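>>> following is a predicted model, sequence given first.
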Amino acid sequence: MFRRRKRHLFKRSNLLVMELTIKFLTGNSFSQNVELHTTVRQLKHIIQEREQQRLSTQNGQRIDLKDDSKTLKDYGLYSGCTVVVLIIQSFQVFLKNTNNQTHTYDVSQGETVTEFKLKVWNKEKVEVQQQRLVYESKPLEDGFTLEHYGIKEGSTIQLLLRLRGGRF
């Protein structure tokens, strides 16, 4: 939800500060003063629900605040704007490792293959560069989302190891 109010910018020790309303889908909300050059990542830290959250704002159209490195100013936010916190539902998939063991992972549709590989590295201790993930006989490529491959609740992904390079 986007509310228009007068642009209230005020200075705090030579930094421009604006007041945002942070609203959850549950209806709860709170006001937060942030500096004009606060990044989306910093705002997520302030909200403290970093895991699987998406931020959105509306100004006639919905704007997803996806790029963590952009500033709030880059997205056209100003004092009095409302930021909506969208909690993305996670689901479970299975990973069959090289020892034929199956482990469960919590993922989301928007999660990238690279992000999933980091989870695999944390649990399986297989370096990201050595991982070759396959779903329904298709290799999963970095940069694409799990949704791109049709991965959903209960899907099984196979972990294979890449052969290390060398001379033939």
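Alright, I've got the coordinates. Residues are numbered from 1 along each chain as shown.
>>> for the lengthiest strand in the chain, name the packing helices and strands.
In the chain, assigned by DSSP state E, the strand with the most residues is strand 15-24. Using 3 or more CB pairs under 8 Å, 6 or more residues apart in numbering; DSSP states H and E as the contact test, the elements touching strand 15-24 are strand 9-12, strand 29-35, strand 82-87. In short, each C-beta sits where N, CA and C put it, glycine included.
>>> could you list every helix and strand in contact with the last one?
Secondary-structure packing of strand 82-87 (3+ CB pairs under 8 Å, 6+ apart): strand 15-24, strand 53-58.
>>> could you dump these to JSON lines with mean neighbour count?
Output for the helices and strands packed on strand 82-87, formatted as JSON lines (neighbours: other CB atoms under 10 Å):
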{"stretch": "strand 15-24", "mean neighbour count": "17"}
{"stretch": "strand 53-58", "mean neighbour count": "17"}
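>>> hey, least reliable of those strands by pLDDT?
Note on the helices and strands packed on strand 82-87: strand 53-58 shows the lowest mean pLDDT, a mean of 68.
>>> can you tell me the closest non-neighbouring residue to residue 37?
residue 71 (4.9 Å; CB to CB, 6 or more residues apart in numbering).
>>> burial of that neighbour, as a residue count?
17 (other CB atoms under 10 Å).
>>> got it, and residue 149?
Residue 149 has 19 neighbouring residues, counting by other CB under 10 Å.
>>> got phi/psi on it?
Dihedral angles of residue 149 (phi, psi; degrees, to the nearest 10) stand at phi -90, psi 0.
>>> returning to what we had before: from the helices and strands packed on strand 15-24, which stretch is densest packed?
Ranked by mean neighbour count, the helices and strands packed on strand 15-24 are led by strand 82-87 with a mean of 18 (mean count of other CB atoms under 10 Å).
>>> in its sheet, what does it sit against?
Applying DSSP bridges, strand 82-87 is found paired with strand 15-24 (parallel), strand 53-58 (antiparallel).
>>> got the angle between the longest one and strand 29-35?
Right, strand 15-24. With axes from the mean of the first three to the mean of the last three CA atoms, to 10 degrees defining the directions, strand 15-24 sits at 160 degrees from strand 29-35.
>>> end to end on stretch 28-40, go ahead and measure it.
Stretch 28-40 has its terminal residues 20 Å apart, counting by CA to CA, to the nearest Å.
>>> so what sits opposite the residue nearest to residue 37 in the bridge?
Beta-bridge pairing of residue 71 under DSSP bridges involves residue 39.
>>> do the same with residue 24
residue 85.
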